[in-house]
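**Student:** Quick one, fold the following:
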Amino acid sequence: MSSMPHPTTAATPLVIPGSRAVLWLAGAALFAIALYYFIGVDQGAVSVFGSDTHVHEFVHDARHFLGFPCH
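**Tutor:** All right, here's what the predicted structure looks like:
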């Protein structure tokens, strides 16, 4: 075994400009709100897509798994 220490490299932090960070935050918030709507709120009768229940049926099991009632 060698008694010499292993070289260490310090990780440099990722610096994101403020305007770009705001865009990422807004995009993430919009995605989260859309995901919440499709999984937790869309019930078919009040659906944005009218009487089409494909979205409801697609996320049906996820609703029950996450504790949202849908019946």
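
**Student:** Distance check, Pro69 against Ala62.
**Tutor:** 13 Å (Cβ to Cβ, to the nearest Å). Glycine gets a C-beta too; all of them are placed from N, C-alpha and C.

**Student:** Between the two, tell me which one has more neighbours.
**Tutor:** Here Pro69 and Ala62 are set side by side on neighbour count (other Cβ atoms under 10 Å), and the busier one is Ala62, at 12 against 8.

**Student:** Would you mind confirming that the more buried one makes contact with Phe38?
**Tutor:** No. Using Cβ atoms under 8 Å, Ala62 makes no contact with Phe38, being 9.3 Å away.

**Student:** Helices of the chain, start to end?
**Tutor:** Read by DSSP state H, the chain holds these helices, from start to end of the chain: 18-36, 54-58, 60-66.

**Student:** Comparing the ones you listed by mean pLDDT, which bottoms out?
**Tutor:** Here the lowest mean pLDDT among the helices of the chain goes to helix 54-58, at a mean of 72.

**Student:** Counting neighbours, what do you get for Val59?
**Tutor:** 19.

**Student:** Equivalent analysis for Asp61, please.
**Tutor:** Neighbours of Asp61 under the rule other Cβ under 10 Å: 9.

**Student:** what's it in contact with, if anything?
**Tutor:** Asp61 makes no contacts at all, as judged by Cβ atoms under 8 Å, 6 or more residues apart in numbering.

**Student:** and the gap between it and Tyr37?
**Tutor:** Distance, Asp61 to Tyr37, by Cβ to Cβ: 17 Å.
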